[in-house]
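Undergrad: here you go, sequence then predicted model.
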Amino acid sequence: MRKVVFISAFHDFRTMKRASIHHVAAGLAQQGYDVSFLSTRYSYLSKIKGDSRLFLWNRSNVVESERGVNCYLQRTLLHPFSTNGQFLDRLMPAAFAIYAKTPDKTFDTIVSKADFVIVESSVAVIYLPRIKRLNSHAKIIYYATDLLETVGAHHSLAAKLEHEWSDLFDHVSVRSEKMAPFLKWARGKMFKAEFGVNSDDYHSVSPSPFTNKLNAVSVGSMLFDADFFTRAAPLFPEVDFHIIGSGTEFDAPRNVIFHSEMPFRATLPFITHTSIGIAPYRCGPGVEYLGDSSLKLAQFEHVAKPTVCPNFAMGSSRGRYGYQPGDTESIRSAMSLALENVGKISARAFPSWGEVGERILYPQRHPHLQIS
């Protein structure tokens, strides 16, 4: 049985918050691979800064099995982080280098036995030299779901990736071709990682959770823009705006309804029964790739929901209605168009996550995925 190891500095496989890396790991486990999920950058600082993995505090530094995936959350005394302070900012490159060498026999054993190591585009890139030293035969894959700059990783990491670590990857899987200009060091070994959907998840959902006829749903916290709702909600008092797992609450109109973070499956009734979807991203470095890489946008496409999103996230998909962040009139126009098209959008089919996972492992079998 071939062994696949995922390394993330943000996610743990056991959290309620689900990103594509969770789905790919689960999909490969279902395909018969021996999958391990290593989660790092977790320490006593996590209790201060807040972290979706805090409920796993007493389950860290041990291997647990969850739905066929071996899970390991590495907890240390401290961990390096991005900071706006100039003094601390200058110290972080050295801190990352030290942290990457933290002794951990369990981490090393899992990596040393892997056939594939999939490194998430995050602080996890600091482990690249260690991975290569431990296991020179494993295929190392950079899973670029986001740009390091977009997720707020320390600026030194992107420079290290380009100038020192780029040759350590066998290939790079990107979520959008629009990321290519920012990853010139990966030219010749870059492939597009497609979206996946397990259709059965969406066909067996619970009844509608809504009491109102018209509803708009936003799921997730990445680049969340609260300003959208303070502008849109008063313009459309007949619509209930449901915000799930944004990680923040704010002074909002009465028709804005906050929901805590919930398990992936618990979000599906909201996604499948909503009138329209909302992807309220705020601007950030290189955000144009979100039009191709956003999981929430793909989910709304799969269930044929008109979706409101910033102009920079429109992409080439139909059924999206763009606005300029901070512009009330463009928000009014996008919302109106989305509501006019309820029930008029065609659903989009996607491969399963297991199929996507195998294309990430073996992209050469799919030449059409290569990005020149």
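TA: Received it, and whenever you're ready, just let me know what you need.
Undergrad: beyond the strand or helix carrying Leu157, next helix or strand please.
TA: Using DSSP states H and E, Leu157 sits in helix 155-160. Note on helix 155-160: by DSSP H and E, the next helix or strand toward the C-terminus is strand 171-174.
Undergrad: can you spell out which helices and strands pack onto the next helix or strand after that next one?
TA: Next in sequence after strand 171-174, counting helices and strands by DSSP H and E, comes strand 190-192. Using 3 or more CB pairs under 8 Å, 6 or more residues apart in numbering; DSSP states H and E, the elements in contact with strand 190-192 are strand 171-174. For every residue, glycine as well, the C-beta is placed using N, CA and C.
Undergrad: what's the strand it packs on in contact with?
TA: Strand 171-174 is contacted by residues 139, 141-144, 180, 183, 186, 189-193, 360, 363, 371 when judged by CB atoms under 8 Å, 6 or more residues apart in numbering.
Undergrad: could you identify the most distant pair in those?
TA: Lys139 and Ala180 (21.1 Å; CB to CB).
Undergrad: now do the SS call for the closest residue to Val63 other than its chain neighbours.
TA: Distances taken as CB to CB, 6 or more residues apart in numbering place Tyr72 nearest to Val63, at 5.1 Å, with adjacent residues excluded. Under DSSP: H, G, I helix; E, B strand; the rest coil, Tyr72 falls in the strand class.
Undergrad: can you get me a residue count around Tyr72?
TA: Per other CB atoms under 10 Å, the neighbour tally for Tyr72 reads 24.
Undergrad: so what's it up against?
TA: Ser36, Phe37, Leu38, Ser39, Asn61, Val62, Val63, Glu64, Thr106, Phe107, Ile110.
Undergrad: contact partners for the closest residue to the fifth one other than its chain neighbours?
TA: The shortest distance from Asn61 to any residue that is not its chain neighbour, by CB to CB, 6+ apart, is 5.4 Å, and that residue is Arg75. Contact criterion CB under 8 Å, 6+ apart gives Tyr42, Ser43, Trp57, Ser60, Asn61 as the residues in contact with Arg75.
Undergrad: what pLDDT is listed against Arg75?
TA: You'll see Arg75 listed with a pLDDT of 98.
Undergrad: could you give the backbone dihedrals for it?
TA: phi -110, psi 130 (degrees, to the nearest 10).
Undergrad: now do the one 3 residues further on
TA: With angles defined as degrees, to the nearest 10, Leu78 sits at phi -140, psi 170.
Undergrad: so what's the closest residue to it other than its chain neighbours bridging to?
TA: Closest residue to Leu78 apart from its sequence neighbours, by CB to CB, 6+ apart: Ser43 at 5.0 Å. Counting by DSSP bridges, Ser43 is bridged to Thr76.
Undergrad: can you pull out the strands in the protein?
TA: 3-8, 34-39, 63-66, 69-73, 116-120, 139-144, 171-174, 190-192, 214-219, 239-244, 256-259, 276-278, 307-310, 320-323 (DSSP state E).
Undergrad: who's in contact with the third one?
TA: When you say that, I think you mean strand 63-66. Taking CB under 8 Å, 6+ apart as the rule, strand 63-66 contacts Phe13, Arg14, Asn70, Cys71, Tyr72, Thr106, Ile110.
Undergrad: go again with 10 Å.
TA: For strand 63-66, the external contacting residues (CB atoms under 10 Å, 6 or more residues apart in numbering) are 12-14, 25-26, 29, 36-38, 56, 70-73, 106, 109-110.
Undergrad: packing partners of the helix or strand of the chain with the lowest mean pLDDT?
TA: In the chain, no helix or strand scores lower on mean pLDDT, DSSP states H and E than helix 199-203, which sits at a mean of 84. Helix 199-203 is packed against helix 264-273, helix 295-302, with contacts defined by 3 or more CB pairs under 10 Å, 6 or more residues apart in numbering; DSSP states H and E.
Undergrad: who wins for proximity to Ser176 among the ones you listed?
TA: Among the helices and strands packed on helix 199-203, helix 295-302 sits nearest to Ser176 (CB to CB), with 11.3 Å.
Undergrad: so how far is that closest one from its chain's centroid?
TA: 13 Å (CA atoms, centre = their mean, to the nearest Å).
Undergrad: go on, stretch 228-240?
TA: Using CA atoms, centre = their mean, the offset of stretch 228-240 from its chain centre is 27 Å.
Undergrad: stretch 38-58 now?
TA: 18 Å.
Undergrad: which positions within that stretch qualify as buried?
TA: Within stretch 38-58, the residues scored as buried using 16 or more other CB atoms under 10 Å are Leu38, Ser39, Thr40, Arg41, Tyr42, Ser43, Ser46, Asp51, Ser52, Arg53, Leu56.
Undergrad: next up, the contacts around the residue nearest to Arg348 when sequence neighbours are not counted.
TA: Closest residue to Arg348 in three dimensions, ignoring its sequence neighbours and counting by CB to CB, 6+ apart: Glu301, at 4.3 Å. With contacts defined as CB under 10 Å, 6+ apart, Glu301 is in contact with 195, 197, 277, 294, 307, 315, 317-320, 345-350.
Undergrad: brilliant, that's me finished.
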